[in-house]
Structure formats: C-alpha cells, structure tokens
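> what's the 3D shape of this:
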Amino acid sequence: MNSTTKRTFLLLISSFSLFGVMSCASIIHGKSQDIFISSQPKGAKILLDDKDYGLTPKTLGLPRMGRMEGEPSSKKEYKITIKLEGYMPYETILQRKVDGWFFGNILIGGIIGIVVDAVTGSMYKLTPNQISAQMKMNGANVFNHKKGEIFIATTLKPDPNWEKIDQIEKLP
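Residues are numbered from 1 along each chain as shown. Next up, the predicted model:
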C-alpha cells in the first residue's frame, strides 16, 4: 500500500468514525429537556412523581427518557402536581414521544447514531414542553341561585367553620 492509498484509507476510516459516533438527536438537543412550569397565582408547590421540586415559576431540566436515574426502565412519563393552599390541585402528565431529530440518523448517524440516541434517551421529547396551571379556588360552586328559588352549593372540601344546616338525602 503506497502513502497516498494509506492517507485515503485513514481519511475514510476517520470520516466513518466521526459520522458513526454522531447521533442526530443527541447533537441537536441532548438527553435532558427544560420544562417551564408556572401557575396563576404563582408560588404553588411543584411535585414531580410526588417529590417536592420547589415553587412556581420554575424551569426543570428533566431526562428525556421519562424517568430519573435509578427508576424502573418501564417508566415512560412524569406525573406533575401543582398545589397551593386554598386552591384545587392541578395535575398533568409529561409523556415521552419520539422526536423528529431521531430520524436524522438515517442520513447522518447510521446504526450507531440510532443506538446512541436510544440508550441516552435523546430520541425522545417530553410533551407538553411547558405547563401553565390556572389554579381554581377551593370553595363552593353555586348553581341556579335566583331569588325565591332553591340555592344549591357544592364543595369538595368544606370549611370546618361553616355551619351545616341540612343535607340532601338519597331517595329510596
């Protein structure tokens, strides 16, 4: 093998190695994703899978795999709960979905890129990418309240200071 052939061979091997270790989604956005969480009113507690992550507004950098390190590999989503005293809790699910950048491996990264993106979780995106909780007050809801008619109020959490004057009975 002459020196020109060796250089060409080394250049081809180097190029293949460079493109072989590339993985499109890993390069474009990495294995974690920022999720912005806000609430109205602000200052609500953020719970991620029932663990406290501070108060709104806040940006959390979460692994795209849908689970934290050490959690079971079958876990594919996060449960977000936002709580504030005097308000109904707000709950939503962050789901992982295959990101379009993952398919760039067909052109650039090849089999190795596909494997790297799959192992690191870079092949996924979390949706929704932003959560804006409009907190609802925890109080009574009033229906058909007109002068001279029946007044009905419902609540999920009655205030212990309220005076109970009657209760609707179930008919036989």
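> tell me where the chain has strands.
Using DSSP state E, the strands of the chain run over residues 32-40, 45-48, 51-55, 58-63, 77-83, 90-98, 124-127, 130-134, 141-143, 152-154.
> CA atoms only: put the first one into PDB for me.
This means strand 32-40. The C-alpha trace of strand 32-40 is given here as PDB (Å, rounded to 0.1, in the frame of the first residue of the first chain):
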ATOM      1  CA  SER A  32     -32.400  16.300  29.000                       C
ATOM      2  CA  GLN A  33     -35.100  18.800  28.300                       C
ATOM      3  CA  ASP A  34     -36.100  22.000  30.100                       C
ATOM      4  CA  ILE A  35     -39.800  22.200  31.100                       C
ATOM      5  CA  PHE A  36     -41.100  25.600  32.300                       C
ATOM      6  CA  ILE A  37     -43.800  25.300  35.000                       C
ATOM      7  CA  SER A  38     -45.800  28.300  36.000                       C
ATOM      8  CA  SER A  39     -49.100  28.900  37.900                       C
ATOM      9  CA  GLN A  40     -51.600  31.600  38.400                       C
END
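> which strands or helices does it pack on?
strand 58-63, strand 77-83, strand 124-127, strand 130-134 (3 or more CB pairs under 8 Å, 6 or more residues apart in numbering; DSSP states H and E). For the C-beta atoms, the positions are set from N, CA and C on the backbone; glycine is no exception.
> between those strands, which one is nearest to Pro41?
Nearest to Pro41 among those is strand 130-134 (9.7 Å), distances taken as CB to CB.
> and that closest one, what's buried?
131, 133 (16 or more other CB atoms under 10 Å).
> can you list the strands that that strand pairs with?
Strand 130-134 pairs in its sheet with strand 32-40 (parallel), by DSSP bridges.
> what's the strand it pairs with in contact with?
46, 56-64, 80, 82, 84, 90, 94, 125-126, 129-135 (CB atoms under 8 Å, 6 or more residues apart in numbering).
> tell me the angle of it relative to strand 51-55?
If you take axes from the mean of the first three to the mean of the last three CA atoms, to 10 degrees, strand 32-40 sits at 60 degrees to strand 51-55.
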